[in-house]
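Student: Need the 3D shape of this:
(4 chains)
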Number of protein chains: 2
Amino acid sequence: MSGLRERQKADRHRRIIDAATALFREAGYEGAKIEAIAAQAEVSIGTIYNYYQNKGDILGAIVSMEVNEVLNAGRGVVASPPANVGDALDTLIGIYIEHSLNYLSKEMWRQAMAISTQLPDSPFGQAYTALDRELTRQISALITRLQQIGLVRPDIDGPAVGELIFNNMNMMFIEFVKQDEARIPELRAAIRRQNRVLVAAIGV
Amino acid sequence: MSGLRERQKADRHRRIIDAATALFREAGYEGAKIEAIAAQAEVSIGTIYNYYQNKGDILGAIVSMEVNEVLNAGRGVVASPPANVGDALDTLIGIYIEHSLNYLSKEMWRQAMAISTQLPDSPFGQAYTALDRELTRQISALITRLQQIGLVRPDIDGPAVGELIFNNMNMMFIEFVKQDEARIPELRAAIRRQNRVLVAAIGV
DNA sequence: CTCAATTTTAGAATTGGTTCAACTTTTCTT
DNA sequence: AAGAAAAGTTGAACCAATTCTAAAATTGAG
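Tutor: Residues are numbered from 1 along each chain as shown, chains lettered A, B, ... in the order given. As a prediction, this is how the structure comes out:
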């Protein structure tokens, strides 16, 4: 199992990701040449393509780590949400949005999203779709939780509402990363406004 | 004004678009090489790049025509909508979705959407964002129209609801084009289900 | 311990979008 | 109608992602 080859492989994986993370941030996705990533990771170009199918998959590995962190952070809110539908949603969405630029620049997000629609069947494309689904599920889970607490009407279609809220938030986030000058507070305010009608409709 | 040069220019534009449309459909976006488009349009590679900044802008020109047609078709619904909030929304959204694959394949949509997030400042990126905004406006206009008719409560925030509905529909459409096996009736049914809560909430 | 099988690496070759400097065509001026 | 200026065209050269194949390293059987 854990022979020399295994350790070397893990080590090379880490070196490639570290090099790519640094270069993507410094030079942007397009600006980070595979040759440079290979050089910085002390690995050949061929090796990179042995580990990742294409440049996008390297970015994908980084994005996946980021989204998983966000999902983790969200679990706390679902477990014990603020005692008010509007605040509960705003808190969860706030976690998603506020974390989003910790490790990834807007340009990296743009590229990641573009690749996931361009190549939906690539490893990263599938992983990204799965992550979106988990985020949707988490929002639906929050609605369900609020129904249990008695803050949301029990006859509400939780999954449908969760999808609606996630899809709207996601599109708003896409527009947000497309505009370099857009700011997080305005994004959150816009989403709150959009959710208001819904919050009024589903609250007891 | 309408000298020889103008006519030649218009003719070359048309030839390039015709060649690209044919080749994109035959070989897919990636499969349609610029060299082949140039050959079929009886124009040199350089000329193509004189008319369009990059390959994506050629696809962009085709997508824009398609979306404008859809916007036009939607105007009729806004002018005289079905006498029921749910049906009105479903009819408008139905027009968008049913028209969507008339000229463009799913693969072409994927590429177009990817490019618009990847290069939001390219001519096509900006045009695509503008088209999305117009679609959003049209949905909001429908809500406003329904308020005038007295089918939607007058205190409802029409623009916010329009954004919510468009953003949800758009994300659903993105997922739809990402899956080659997804079918239009199921897409429409899923969107109807998501909109149901909202429809109930805004109806008088 | 040795060596053949297997896995992995290296980097040169390929590919296809994009750029650019030289050449043509059209238009304008007189 | 001639010549200069402006506008547009051309395709070979460039660049960076990806592919391919020969060479190197690791493993495990005997």
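Student: Indicate whether the one helix or strand residue A:177 maps to makes contact with chain B.
Tutor: In this assignment (DSSP states H and E), residue A:177 forms part of helix A:158-178. Yes: contact of helix A:158-178 with chain B (C-beta under 8 Å from any C-beta of the partner chain) involves A:160-161, A:163-164, A:166-168, A:170-172, A:174-175, A:177-178. For glycine as for every other residue, the C-beta is placed from the backbone atoms N, C-alpha and C.
Student: nearest to DNA strand D, of those?
Tutor: Among the residues of helix A:158-178 next to chain B, residue A:177 lies closest to DNA strand D (C-beta to the nearest atom of the strand), at 20.5 Å.
Student: On the pLDDT front, check the closest one for me.
Tutor: Model confidence at residue A:177, given as pLDDT, is 97.
Student: Repeat that for the one 4 residues further on.
Tutor: In the prediction, the pLDDT value recorded for residue A:181 is 96.
Student: The one 10 residues further on now?
Tutor: The predicted local distance difference test score for residue A:191 is 98.
Student: Where does residue A:156 sit: helix, strand or coil?
Tutor: coil (DSSP: H, G, I helix; E, B strand; the rest coil).
Student: Phi and psi next, for it.
Tutor: Dihedral angles of residue A:156 (phi, psi; degrees, to the nearest 10) stand at phi -70, psi 140.
Student: That one reaches residue B:198, doesn't it?
Tutor: No: shown here, residue A:156 and residue B:198 do not form a contact pair, counting by C-beta atoms under 8 Å, at 11.4 Å.
Student: ok, these two, which is more surrounded?
Tutor: Using other C-beta atoms under 10 Å in any protein chain shown, the more surrounded residue of residue A:156 and residue B:198 is residue B:198, with 23 against 20.
Student: From the chain's centroid, how far away is the helix or strand hosting the more buried one?
Tutor: Assessed by DSSP H and E, residue B:198 sits inside helix B:184-202. Between the centre of helix B:184-202 and the centre of its chain there are 20 Å (C-alpha atoms, centre = their mean, to the nearest Å).
Student: packing partners for that helix?
Tutor: Helix B:184-202 sits against helix A:158-178, helix A:184-202, helix B:85-99, helix B:158-178, with contacts defined as 3 or more C-beta pairs under 8 Å, 6 or more residues apart in numbering or on different chains; DSSP states H and E.
Student: residues near the residue nearest to residue A:15 when sequence neighbours are not counted, how many?
Tutor: In this structure, residue A:15 finds its nearest non-sequential neighbour in residue A:41, 4.2 Å apart by C-beta to C-beta, 6 or more residues apart in numbering or on different chains. By the criterion of other C-beta under 10 Å, residue A:41 has 22 neighbours.
Student: Next one, pLDDT for residue A:41 please.
Tutor: Residue A:41 is given a pLDDT of 92.
Student: Name all residues that make contact with it.
Tutor: For residue A:41, the contact set (C-beta atoms under 8 Å, 6 or more residues apart in numbering or on different chains) comprises A:12, A:15-16, A:18-20, A:48.
Student: Can you give me the separation between the residue in chain A positioned nearest to DNA strand C and residue A:38?
Tutor: Closest to DNA strand C within chain A is residue A:46: 2.3 Å, counting by C-beta to the nearest atom of the strand. Distance, residue A:46 to residue A:38, by C-beta to C-beta, to the nearest Å: 9 Å.
Student: So for those two, which sits in the more crowded spot?
Tutor: It is residue A:38, of residue A:46 and residue A:38, that has more neighbours when counted by other C-beta under 10 Å, with 19 against 8.
Student: For chain B, see how far away the more buried one is.
Tutor: Residue A:38 sits 23 Å away from chain B, going by C-beta to the nearest C-beta, to the nearest Å.
Student: Now do residue A:59 against residue A:113, distance only.
Tutor: Taking C-beta to C-beta, one finds residue A:59 at 10 Å from residue A:113.
Student: joint contacts of those two?
Tutor: Common contacts of residue A:59 and residue A:113 (C-beta under 8 Å, 6+ apart): none found.
Student: and stretch A:106-123, anywhere near DNA strand D?
Tutor: No: judged by C-beta under 7 Å from any atom of the strand, stretch A:106-123 and DNA strand D are separated, with a smallest distance of 9.0 Å.
Student: Can you give me the buried ones in that stretch?
Tutor: By neighbour count with 16 or more other C-beta atoms under 10 Å in any protein chain shown, stretch A:106-123 contains the buried residues A:106-120, A:122-123.
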